[in-house]
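Peer 1: This is a predicted model, with the sequence first.
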Amino acid sequence: MILGYSSRYIPPFSQDTRTDEIYYIYSMQISYVYILECSDRTYYTGITSILDKRLIEHQKGIHKESYTYSRRPVEFTDINLAITTEKQIKKWSRAKKEALINDEFDKLPNLAKKKF
């Protein structure tokens, strides 16, 4: 399951050649939450900013102390689950998304949108 993915590159600054003014472009590094299914049918949840690289690290067993090292091979869970989760989160209110971002999971049920 992948909750976010983008490969957009933003240069650190651009210059207006007419005025020689430099404009700095600030961009947040995009992070991804992912869920892998391990060979023993357990799940591993992780976060990374370079998804492809991290999956390869899990598959090759680069980090011997990691949970997935002895549970290889690993694979992404069903892409349909990721799509369903993405669609669900997109329908949430700003307040509910902020609760998720801020690890305020106990608030999520009370922030459900109600249609009257």
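Peer 2: Received it, and whenever you're ready, just let me know what you need.
Peer 1: Please state the offset of the longest helix anywhere in the chain from the chain centre?
Peer 2: In the chain, taking DSSP state H as the definition, the longest helix is helix 79-90. In this view, helix 79-90 has its centroid 12 Å away from the chain centroid, taken as C-alpha atoms, centre = their mean, to the nearest Å.
Peer 1: Now do the contacts for residue 99.
Peer 2: 105, 107-108, 111 (C-beta atoms under 8 Å, 6 or more residues apart in numbering). The C-beta positions use only the backbone N, C-alpha and C, and glycine is treated the same way.
Peer 1: and what of residue 77?
Peer 2: Applying C-beta under 8 Å, 6+ apart, the residues near residue 77 are 1, 35-37, 43.
Peer 1: Tell me which helix or strand in this structure has the weakest average pLDDT.
Peer 2: Least confident helix or strand, the chain: strand 13-16 with a mean of 48, by mean pLDDT, DSSP states H and E.
Peer 1: So the closest residue to residue 111 other than its chain neighbours: helix, strand or coil?
Peer 2: Once flanking residues are discounted, residue 111 sits nearest to residue 96: 3.8 Å by C-beta to C-beta, 6 or more residues apart in numbering. With DSSP: H, G, I helix; E, B strand; the rest coil as the basis, residue 96 sits in helix.
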